[in-house]
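> Sequence and predicted structure are below.
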Amino acid sequence: MQRADQNALREGISLRSLVDEAGRAVAAEISSRFPNAKRVAVLVGPGNNGRDALVAARYLREEKRSADLFGTANRHDEIAPLQVFHGGKYDLVLDGLWGAGLSRDVEGDAEDVLRKAEDSGRPIVSIDIPSGVDGGNGQIRGYAPKVDLTVTFVRRKPGHCLLPGRDHCGTIVVAPIGLSETAMKEAAEPFEPVFANEPSLWLHHAATPLTAHHKYDRGHAVVFSGGMSRTGAARLAALSALRGGAGLVTVFSPASALLVNAQHLTGIMLKRCEDGDLDVLLEDKRLNAFVLGPGFGIGDRAKAMALTVLKAGRRLVLDADGLTSFRDHASRLFEAARQCSDSEPQLVLTPHDGEFARLFPDLAGDLRLSKVDRARHASRRSNAIVVLKGADTVIAAPDGRAAINATGTPWLATAGTGDVLAGLVAAQLAQKRPSFEAACLAVWMHGKAAEHFGPGLISEDLPHCLPAVHREIVSLAMDNAH
Ligand SMILES: NC(=O)C1=CN([C@@H]2O[C@H](COP(=O)(O)OP(=O)(O)OC[C@H]3O[C@@H](n4cnc5c(N)ncnc54)[C@H](OP(=O)(O)O)[C@@H]3O)[C@@H](O)[C@H]2O)[C@H](O)CC1
Ligand SMILES: [K+]
């Protein structure tokens, strides 16, 4: 907050005017979304979140609504103690207890009043973030209500995007409050900037194949297959790469698995790739994005092939067995990624929590770090884009950018969906999109594909839902252009 305030002040914007804008925005949202809420209970905290609440109350009263104040601080006589609050008397509760300055657990009278507000069944609107949700990491400090609407300012904080905080926010509205881009960068203080993984982040890089004249313009992705009894995962990734937009896709298969792969591939090509073959195959410079890991098998072979691909200057998505293979040799992988000549990170790691802990045990074990912090540190250390998977997948880049994804459904928690994601990332890399945006786009599409399918999803369904997702992106891009 302090730095945000200083920045704003440097630009001639006073804290007072920011608070005024914030309170006005909250009142405006209440007016438009809850026009029948005539009696409002306003919970007022000791800091600027409470100041926003007082301003909102003033604007609500100007609209002939009643606004009764309850609070922790003796800011002025009109504020009644929290203990006397009765939710049943009101049409709506405005929560302005704590926002970005939450520094300890919510307990005692504050917890009681928030519970009473929830039990009343009346809509709750939170200023900035539901009181009790830690804006920096989405964790619940003591207690936090699940609210209907959260009105935040300038941009979302990590706590709005990460679980469990995300589940407490209800609908999130981001109100601009008169801060410029420069001040905006600091406004999320005390948190580092983080993005919600939304189309605005990557749409300008998601040019559709309309502009591509030839299949090679959309790149050539390669997926390494495992041995004879473990080929399905690679084919799933390969189909997803093709449906994801890569111009061509080839499965590199050990000789023993060629027949079984051949029986199941149609639009996807197949090449024999034994240990000695890779260098020769890499002479085809059109092969530009690789997936190694799904069903591949853990061991030296995976390591050697991954390092060869990186050394040849190709982009690589390392997933599943590919990640686990580097468990005791992570620094070799990170060093290879560092030495890549490309200005874009060449390596994308797509771990779930277990795989992450194998490559970054110290980060996984550090309970002070949020999921965003873990992904960010890992990305810096590995010189790779890190896609830390889960219901709130975090994508991080070595330069500090981080995005939290919100698309998807609980049905994604099923076998094989990770293979599909790896293929989708490779598809975006093959199309020469910048690595961070490629990963963000792929994660978004993956979740959207699941949303399109709905309940009963299994991983095989996902690639078939991708055309609908492409159509959605095209329509977003067209709306954006107008
Ligand atoms: N530029 C912007 O982003 C703007 C944000 N605005 C609003 O300001 C708040 C943040 O205000 P801040 O004053 O920094 O913090 P809070 O209002 O959240 O509360 C801090 C005070 O509360 C005490 N505290 C913290 N946690 C607890 C708790 N669990 N129980 C009791 N008391 C608590 C804290 O005490 P300390 O001992 O830690 O100092 C503080 O006294 C932001 O969320 C927006 O709503 C402005 O509108 C301007 C623009
Ligand atoms: K709040």
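Now that the structure is in, tell me what you want to look at. Numbering: from 1, shown residues only. Ligands and ions are numbered 1, 2, ... in the order given.
> Settle this for me: Gly71 is touching Ala41, isn't it.
No - at 10.9 Å, Gly71 does not count as touching Ala41 under the criterion of C-beta atoms under 8 Å. Backbone N, C-alpha and C define where each C-beta goes, glycine included.
> Quickly list the domain ranges of this protein.
Per automatic domain parsing, the structural domains of the chain span 2-190, 200-481.
> need those domains in JSON lines with mean neighbour count and mean pLDDT, can you?
Written out in JSON lines, the entries for the domains of the chain read as follows (neighbours: other C-beta atoms under 10 Å; pLDDT from 0 to 100):
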{"stretch": "domain 2-190", "mean neighbour count": "19", "mean pLDDT": "89"}
{"stretch": "domain 200-481", "mean neighbour count": "20", "mean pLDDT": "95"}
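> Give me the contacts around stretch 400-412.
Judged by C-beta atoms under 8 Å, 6 or more residues apart in numbering, the contacts made with stretch 400-412 from elsewhere in the structure are 158, 161-162, 166, 192, 194-197, 201, 372, 375-376, 380, 391-396, 436, 440, 443-444, 446-448, 450-451, 453-457.
> Between the two ends of that stretch, what distance do you get?
With C-alpha to C-alpha, to the nearest Å as the measure, stretch 400-412 spans 28 Å from end to end.
> Gly142: what's it in contact with?
Neighbour list for Gly142: 104-107, 111, 132 [criterion: C-beta under 8 Å, 6+ apart].
> which of those residues sit farthest apart?
Of all pairs drawn from the contacts of Gly142, the greatest distance, 12.1 Å, lies between Arg104 and Glu111 (C-beta to C-beta).
> And Arg122, how close does it get to ligand 1?
Shown here: Arg122 relative to ligand 1, a distance of 21 Å by C-beta to the nearest ligand atom, to the nearest Å.
> Please verify my assumption that that residue contacts Leu92.
Yes - because the distance of 5.8 Å satisfies C-beta under 8 Å, Arg122 is recorded as touching Leu92.
> So which bits of the chain are right by ligand 2?
If contact is defined as C-beta under 5 Å from the ion, the residues of the chain in contact with ligand 2 are 95, 99, 126-127, 131.
> Spatially central residue for the chain, please.
Against the mean C-alpha coordinate of the chain, by C-alpha atoms, centre = their mean, the closest residue is Ile404 at 1.5 Å.
> who does it bridge with?
Each beta-bridge partner of Ile404 is listed here, defined by DSSP bridges: Ala196, Val394.
> Which residue is most remote from the mean position of this protein?
The outermost residue of the chain relative to its centre, with distances by C-alpha atoms, centre = their mean, is Asp77 at 43.8 Å.
> Surely it is within a helix?
No - under the criterion used here (DSSP: H, G, I helix; E, B strand; the rest coil), Asp77 is coil, not part of a helix.
> got the residue ranges for the helices in the stretch 201-350 of the chain?
Taking DSSP state H, counting those that start in this stretch as the criterion, the stretch 201-350 of the chain carries its helices at 232-243, 258-264, 278-281, 300-311, 320-324, 330-338.
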